[in-house]
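> Here is my input; please provide its structure:
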Amino acid sequence: MTLAAPLAIVCVLAAGASCDSKSDNAGPAPEFSTVLTPSATAVATATTGPVKGSPAGPVWPSPEDCTTHNPATVTKHYEAGIHTINDGTRTLMRFHGGPSESIGQQALTLAKRFRKHCFLGRGNTREEKYSYIFDYWLEPSGMTPSIPDPDCSTYDRNNLTVEDMGSGHGWRVKEHDHVLHLFNNESDARNGKLVLAKYGRICFIGQGYDGDDQDVVSYFL
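Numbers count the residues shown, from 1 in each chain. Presented below is the predicted three-dimensional model:
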């Protein structure tokens, strides 16, 4: 747009006064007709449609691999150096240990706290199979018996990394140099990190046994 149109508008509003200061008797002020074209009046405005957020990440590993049990009726049994935790005729956990060791009571107490026991890597075929099975527990029962002599360590859940150990040795999740758990593959490791990021203290039952047929069960406090 040129400056002529704004000047004309000012002159019309001046109630008949001349816009030319050089002459007081220049006659009636000319009438102006101003047509404002769309291109002249358009104001650039940012039009923004609905912002679609990124899809929410999974809350828990999916698909899940879990078993359920009745926390009110689980029992422990010891025979010939083996502690078992049972739900009726079904064995939930199995550990080596002496008759006076607390490992059986630890596992029984843990089973009473939850209704659902979930796994990552349960189907792996590694020689040290149980070291690559990650456990987590869902559906609290409402019972909170104290777990005797817990074997636990704390970690910063905001500083977890997933790492390929190379040479086919699997994957691991760690916090700095603190290795929290081994995993059979990358998918298991990333799902494990998803669970680990919800807590800050990981505990184990069954660590320290030298054989390769020992359940090593993880849980969180």
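> Return the distance of residue 92 relative to residue 66.
Distance, residue 92 to residue 66, using C-beta to C-beta, to the nearest Å: 12 Å. Where you see a C-beta, it was placed from the backbone N, CA and C, and this is true even at glycine.
> In the sheet, which residues pair with residue 117? Tell me.
Legend: beta-bridge partners of residue 117 under DSSP bridges are residue 67, residue 137.
> on that earlier part again, quickly list what's touching both of residue 92 and residue 66.
residue 117 (C-beta atoms under 8 Å, 6 or more residues apart in numbering).
> Neighbour count for those two, which is higher?
residue 92 (20 against 16; other C-beta atoms under 10 Å).
> ok, the residue lying closest to residue 133 once chain neighbours are set aside - contacts?
Nearest non-adjacent residue to residue 133, counting by C-beta to C-beta, 6 or more residues apart in numbering: residue 121, 5.0 Å away. Applying C-beta under 8 Å, 6+ apart, one finds that residue 121 lies in contact with 132, 133, 134, 183, 184, 185, 188.
> are any of those buried, and which?
When these are checked for burial by 16 or more other C-beta atoms under 10 Å, the buried set is 132, 133, 134, 183, 184, 188.
> need the residues you listed in JSON lines with distance to residue 198 and secondary structure, can you?
Shown next, in JSON lines, are the buried ones among the contacts of residue 121 (distance: C-beta to C-beta, whole Å; DSSP: H, G, I helix; E, B strand; the rest coil):
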{"residue": "132", "distance to residue 198": "21", "secondary structure": "helix"}
{"residue": "133", "distance to residue 198": "19", "secondary structure": "coil"}
{"residue": "134", "distance to residue 198": "13", "secondary structure": "strand"}
{"residue": "183", "distance to residue 198": "17", "secondary structure": "strand"}
{"residue": "184", "distance to residue 198": "21", "secondary structure": "coil"}
{"residue": "188", "distance to residue 198": "16", "secondary structure": "helix"}
